[in-house]
Each structure stands twice: as structure tokens, then as C-alpha cells.
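Engineer: What would the 3D arrangement of this be:
(2 chains)
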Amino acid sequence: MTHPIAQIGLMHFLIVSFLLFGAGVATILTKRNAIGILIGVELVLNAAAINFVAFNRFGWSGTGGEHATPLIHGQMFSIFIIVLAAAEAAVALAIFLNYYNTFSSIDVEAADEMKG
Amino acid sequence: MTPTQLSIRNLLLIATFAPLVSSMIVILLTRRVLYKAAGWLTFVVMGGAFACAAYAAIQWIGLPVADRLPIVTDVPWIPLAGNTAAGEARWLYLGIMVDGLTIVMMTMVTFIAMLVHLYSIGYMEGDKRYNRFFAYLSLFTFSMLGIVIANSIIMLFVFWELVGLTSYLLIGFWFEKRGPQLACKKAFVMNRVGDMGYLIGFGILFYHLGANVLLPATAQDGNMFAAVVRRLHELDPNFSILNPPIWLTAAGIGIFFGAIGKSAQFPLHTWLPDAMEGPTPVSSIVHSATMVAAGVYLTARIYPILTPGAHLFVATVGLITLVIAACMALVMTDIKRVLAYSTISQLGYMILGLGVGSWTFALYHLITHAFFKCCLFQCSGSVIHAAHHQQDMRYYGGLGKKMPITMTCYFICTLAISGASIPMTDWGISGFYSKDGILAGAVNHGDALGVLLGPLAKLYFWLPMGVAFLTVFYMTRSFALTFLGKPRDQHLYDHAHEAPWQMVLPQIALAILAIASAPFIMPFWQNLINESRSLMWDSGVHWVQPGVDHEMGHGIHYVHKWLGYGVGWIAMLVLGIAIYAPGLKTASRIVRIPGIGVIHNWLVNKLYFDAFYDVFLVHAGKTVAYICSWVDKTIVDGLVNLAGWVTRAFAVVSGGVDNKLVDGAVNGAALAVQNGGNVLRATQPGRIRVYVLVFFLSATLVTLAVLAVVLSLR
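Structural biologist: The predicted model follows:
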């Protein structure tokens, strides 16, 4: 009987990530509030980051054994995603501020001027 | 040039240009200031011109006969191309030539013009273009004086055309009325026809003689055409009068056509009666001293170049003219038209006289005729003036009681134009001498004509002789209808009165001259004209048969005694008074005689000359013009229209292709793009959540598809 923690495998992470991704997408599609959409985007990004980290933990280079080494790249991608998310939040908030100045609202449904 | 010649020349120059100056002053300056004074101003200037001419004439007569050579002054005017053999440049010359004939004509024209100006002051009183009338009248006189004094063919032609222009202005003076409009046009156009002949004749001369015809007369030549003939002799020493070149005959006849137009000879005579539409003073001066006299004067001047053939032509034209005009004068009812046809007839006498070689007497008849015809017109003008401008003699009658002076003058001039004489003696008044001279010339010329024409030659004497009696008759007729008998229009009679003194005075002066010009003044005039002729003859120029120029010596005492002319004219005078003094009843009874009725009808219609011209010239011309117009409109325009139609059809097709196919393709492409765009725009709602949904759905689909592919490859 292994430690319950040890029984947690890649699939669990993927399920969490999938749920998180689904929650993010659902948030993006259903929220009319721009801030809400931004939060949904954050959830999607984090789901992606969880995937990267999980694939990094459970994925090994080589064929296994003592010489097998874990891949460090997943963590690096996560770090990039976090940085990117921070930058994205800053840019998106700036956009929303201007959006509010233009439409006196942050309801994204109000902005359909770019329809074909 | 001696001082006397210089003085004569200067006096005549002044006399010529004075009317031009006064005319210019009147037309330019007198709009307000001198409006009323225009008549007197031009009259006084004309008087001055007459004084100059008369003084020049006195000086000329004072010269010894041997010194009475032409006074010639030339001024080079326009240089011509080429040089003569002598190396001097050729020129068109301006200048004057004065010989006996010029002196006579100058004196006569200025005198008559002066009296007509005086007469016009009375006659034109109250006319709204009073001043302009006098300007035109003076200009007209100037033109005539220019013709008389010109010394070369070209300069003569310049003034010739000026006379044509000014007569147009004067005849059409009352241009508001239809009659004068047509009459002045007719006069102008018919004169142009004659002038065409002048130019053609001149052209023929110029072709054969070159610049020699442009040279002016010299003191020895006699006149400008004599100069031409002298040079003809110089160019060809073998030149023979008996066998002259045909072109010289043609040239003479051509230039004579100018005279036919101006002097209203057959067949261009129809303008002169119509010119009666002008004011009466104009008729008076045109018929006596100026325009129609110019034609006779020209014929006299071209005498040296008239070959025997041309002489025959001239004589025949004169003969036809004098006969037909006298016949028409018999039946006219308009008093001025009777006088107009009488003028044409008398001009026919003059032309006949020139044609048969009776040079001196033809020109002498011109002078005497000037006085009595001018007087007759002035008398008729006084009658018209008194009779509310009614010109039809059928409304007159008995006017003699109201206008005794006019009647007397008219009667004297009737006698003068009739050639009245005392039967079986040599005594008569002016017309007698001049007409007798012409008839004597015709008799003397008979031999020469007989060679050419045979028995027909007799007509050249007998017809003018008979017409002389007709002249008495028609003049008596007009006199009796106007002044004798009972009034036929009481209203008109009551209104009639003697004319104002400005009109009466010239009549009296002219009537006196009509009598006196023959016995008292005749020798001077006749001699002066004769000198002019002698000079021409002496310069080696006599083309007519020898013997004709002897008519001076023998003919004059010959004709009238032989024919009992004196008895004849008295009989015609009595007959005329007997028929017409009671009124028109006897005359209308005569007209009812069948044969005479037809002739009368022909004459009333002026022998259908106008109708003939109307049909054969005017309407023929119009028909040709109509045909040309039809060809133009139908064929030429048709071709153009066809070309236009074809072009238009092409354009329609081309336009259709352009609009439907080319534009259709372009528009269709645009429409397809637009419709496609409309379809696609539904996919662009502009809402971010829709884009996100689409993105996720399509990402999901792509993922599933990739998975399906990967799994199926396993």
C-alpha cells in the first residue's frame, strides 16, 4: 500500500487541469463582465500551466532507470505562463479602462461595432 | 503750264472738291447745329463751285484757240509691278484732264446742281432727314464732277462707282417705303450689270495693251481713250482702221455696257422709271446733269476706241432705246414716269448720235436736254408738291390756273424738248438745234450704214425722225392732262398752289436757259465741244467713215426743211392738246379701237420687260438656287446624315456591349463579392464571446479530428 499521495498520477493532474480549463472557458463564454472574462482567461492559463508541470513530473527522458532524468522545461514554461499572465492582466486591464471610458460600461456585449 | 492754265486747273479742282467738303461738313457736323442750315450751306458751296467753273470757262474761252490744249496733271498713285522699256516705274495715276468738253460739262453740272440744291430747300422742307439729303446730293454732284474731270480710265471708274453708290442712297432716300427700297436696289444692281461690262472691256484692253491703258492722257492726245489708241498705233504701225482687231470691238462694246447701265439704255433701261420713287429733286438732277449724262459722257470719251462694228452696236442700242421708250411714254399716267421714259428716249438720241458719228451734237443735246429736262422735273415736282404727292395725271387737270408760272415753264420746256422751230426756217429753241444735228448725222452716216445693213440703214434716220413727233405728242399729253381742261379731282385742285420761291426761281432760270441756250450760248458750247472733238480727230483718231464729221457744215440746214418738220411738230402739239385737254374721254375711245387696244396694253405693261426679267432672270435664278438647295439638302446633307446615322448605330451597339457585357462583368464581380461579403458578415458579429466560442469549438473539432486520424493510423 503506497502512500496515498504516491497513488496520485498524471491522470489526476490532467483531470484537475481539464476541469480548471473547462471552468475557464465556461467563464469566458458566459460572463458579460470583462473582469470576469479576464479571470476566465487566468483559469485557462493556469490549467495550461498545471499541464506543463504535470507532464514535466511524470514524463522522463530516456527509457527509464537510474539514468533517467526529469525534464526541466515544463517548469520553465509555467514560469513563462505566470509572467505572461501578469503582463496580460496589465494590458487587459488597460484595455478595459479605455473600454470603460468609451462605452461607460465593461459589458463586452456593448462592443459589437466591429461586426462585419 | 501757263498761269492761265494753272488758274483754270485750280478753279476746276476747287469746283470739284467743294461739294465733297460741304457734304462732309453737313454729314459730320450738322446733327443739331446746322440742321436747318444744311440746305443753304450746300447751296452756297455749290454756288461757289459754279462760280469757279464759270470763271474757269471764261478764262478758257479767253485763251487763243491754239492754246486750248488739254490741261493735264498727273499724280503717281499706286506703283505697278514691272518697268517700262525706259526703265521708269509704272503707276496708276490720279489726276485731272481739262479740255473743251470738260469745261462745258463742269459748268453745266455745277449750274444745274446749284439750282437743284436751291429747289430742294423748298421741296425737302420738313423732311426728317433734311440735312442728310443735302449731304447725299452734294456727294452725288462731287462724284459726277469727278467723272467729268478724271484723266484715266481707272480714275473715271472710281467716280463711276461713286455715282452708283450715291444714286442708290438718293433713290432710296425714303427708305421706310417699299417702293424706294426696291427701286434703289434695282438701280444699283442694274448698274452693276453694266459696270461688269465696263470691267470686262477694260480687262480686254489691259490684256492687249498692258499698262499702257493705265497711262493718263497727255496734252496732245485729246482724251484718255485717244491716248490708248495712239499707243495702239505706236505698238503696231500696220494697224488699220479698215480692219480693226475683233478684240478692240469687244472692248469698246464692253465699256459701252457701262454706259448702257448708267444711261438706262436698252436692255438695262428698266431701272430709271422705277427710280422715280426717289425725291423729285433727285430725279431732276439724275435725269439732267449727272448719272444718266455720265453714260453719254463716257461713250463720248471712249469714241476713239470704238471700231465701226462697235459704232453700229452703239447706234443700234440708241435706236432701239429711243423708239421703245417714246412708245412707253405715250401711255404712262404717272407724270414723273412720262418724263422718265422721255429721258430714256432722249438719251437714246444722244447714244444714236454718238453711234452715227454726230459727236458734237450728241453732247450738245446732252447740254440742252439737261436744262429743259431738269426744268420739267422741277415743274412736275412743284405739281406733286402742290397736289398732296399725287403723281397720277388722271387726278390733275386745270392746274394751270392755280400754278401759272409752273405751267409756263413746263410749256416752254415742252416746246424745247419737242424741238420747236418756225416752219421752213432755221430758227427754233434749243432742242431743235441739238436734235436736228443728231438727225443730220444719221442722214450723213447713211452711206456708211448702207454698206453694212442695206435698206435697213434707212431706219436709223426715219425712226428717230418719227419718234421726234412722238416726243411732241407725249409731252403735250402730259402738259394738257396736268394744266389744261377742267379739274378732275376737286379736292386736289382746291389745295393746289404755286410752289415757294426757292422752287419757282430755279424753274424760271432753267426755262429761260431752255430758250436761250440755243441761239445765244450755243456758239460757245458748240465750239468748245467741237474743239474737243477736233483735238481727238487731229491726234489721228477717227474710226468712223470720213464725211460724217462734215455734218456740222451741211446737215444742220438740211433735215427740217426737207421734211417740213416745223409743220409736223405744230400738228402734233395741236393734236395732243385737242385729245387730252378735255380730259380722258377721247383717249379712252381711241384705246377701244381693237388694234390700238392691244398695243396700248403692251405699252402700259412696259413691253413686259420687267416681267421678262422677272421670269427669265429672277425666277430662273431662284429655280437654279432652289435646285442647288435641293441637291445640298438632299444629297450632300443626306450623305452627311447617313454617315451620322451609321456612326450612331455603331455607337449604340458599342454602347450596348460596353454597358451590358463589360460593365456587367465588372458589376457582376462586384455583386458577387458584395453578396459573399453579406453572407460572411453573419460570421462576424463583433462580439468577443462568440469568437471565443467558435475558437474553442473549432479547436475541439480540430483536436478530435487529429485524434481520430492518429488513432486510426495505429
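Engineer: Enumerate the residues of chain B near chain A.
Structural biologist: Residues of chain B lying close to chain A (CB under 8 Å from any CB of the partner chain) are B:677, B:680-689, B:692-693, B:696. C-beta here means a position set from N, CA and C on the backbone, and glycine is covered the same way.
Engineer: Okay, and which of the residues you listed map to strands?
Structural biologist: Among the residues of chain B next to chain A, no residue falls in strands (DSSP state E).
Engineer: want to throw those into JSON lines with pLDDT and neighbour count?
Structural biologist: Shown next, in JSON lines, are the residues of chain B next to chain A (pLDDT from 0 to 100; neighbours: other CB atoms under 10 Å in any protein chain shown):
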{"residue": "B:Gly677", "pLDDT": "87", "neighbour count": "11"}
{"residue": "B:Leu680", "pLDDT": "85", "neighbour count": "10"}
{"residue": "B:Arg681", "pLDDT": "82", "neighbour count": "12"}
{"residue": "B:Ala682", "pLDDT": "80", "neighbour count": "9"}
{"residue": "B:Thr683", "pLDDT": "77", "neighbour count": "11"}
{"residue": "B:Gln684", "pLDDT": "78", "neighbour count": "14"}
{"residue": "B:Pro685", "pLDDT": "78", "neighbour count": "15"}
{"residue": "B:Gly686", "pLDDT": "76", "neighbour count": "13"}
{"residue": "B:Arg687", "pLDDT": "77", "neighbour count": "16"}
{"residue": "B:Ile688", "pLDDT": "77", "neighbour count": "16"}
{"residue": "B:Arg689", "pLDDT": "78", "neighbour count": "16"}
{"residue": "B:Val692", "pLDDT": "82", "neighbour count": "17"}
{"residue": "B:Leu693", "pLDDT": "85", "neighbour count": "14"}
{"residue": "B:Phe696", "pLDDT": "86", "neighbour count": "17"}
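Engineer: quick one: contacts for residue 16?
Structural biologist: I went with chain A, as the question did not name one. For A:Val16, the contact set (CB atoms under 8 Å, 6 or more residues apart in numbering or on different chains) comprises A:Ile50.
Engineer: My question was about chain B, not that one.
Structural biologist: Applying CB under 8 Å, 6+ apart, the residues near B:Thr16 are B:Ala49, B:Ile96, B:Met106, B:Phe142, B:Leu145, B:Gly146, B:Ile149.
Engineer: how about the helix or strand where A:Arg57 lies: buried residues?
Structural biologist: Using DSSP states H and E, A:Arg57 maps to helix A:34-58. Buried residues in helix A:34-58, counted by 16 or more other CB atoms under 10 Å in any protein chain shown: A:34, A:37-56.
Engineer: didn't B:Gly194 look like it was pressed against B:Ile260?
Structural biologist: Yes: between B:Gly194 and B:Ile260 there is a contact under CB atoms under 8 Å: 5.2 Å.
Engineer: biggest helix in chain A by residues?
Structural biologist: Counting residues, the longest helix in chain A under DSSP state H turns out to be helix A:73-103.
Engineer: Would you mark the buried spots in that one?
Structural biologist: For helix A:73-103, the neighbour count (16+ other CB under 10 Å) marks A:Gly74, A:Phe77, A:Ser78, A:Ile81, A:Ala85, A:Ala92, A:Phe96, A:Tyr99 as buried.
Engineer: quick one: contacts for the residue positioned nearest the centre of chain A?
Structural biologist: The residue lying closest to the centre of chain A (CA atoms, centre = their mean) is A:Leu45, at 1.5 Å. Shown in contact with A:Leu45 (CB under 8 Å, 6+ apart): A:Gly24, A:Ile81, A:Leu84, A:Ala85, A:Glu88.
Engineer: 6 Å instead?
Structural biologist: Applying CB atoms under 6 Å, 6 or more residues apart in numbering or on different chains to A:Leu45 gives the contacts A:Ile81, A:Ala85.
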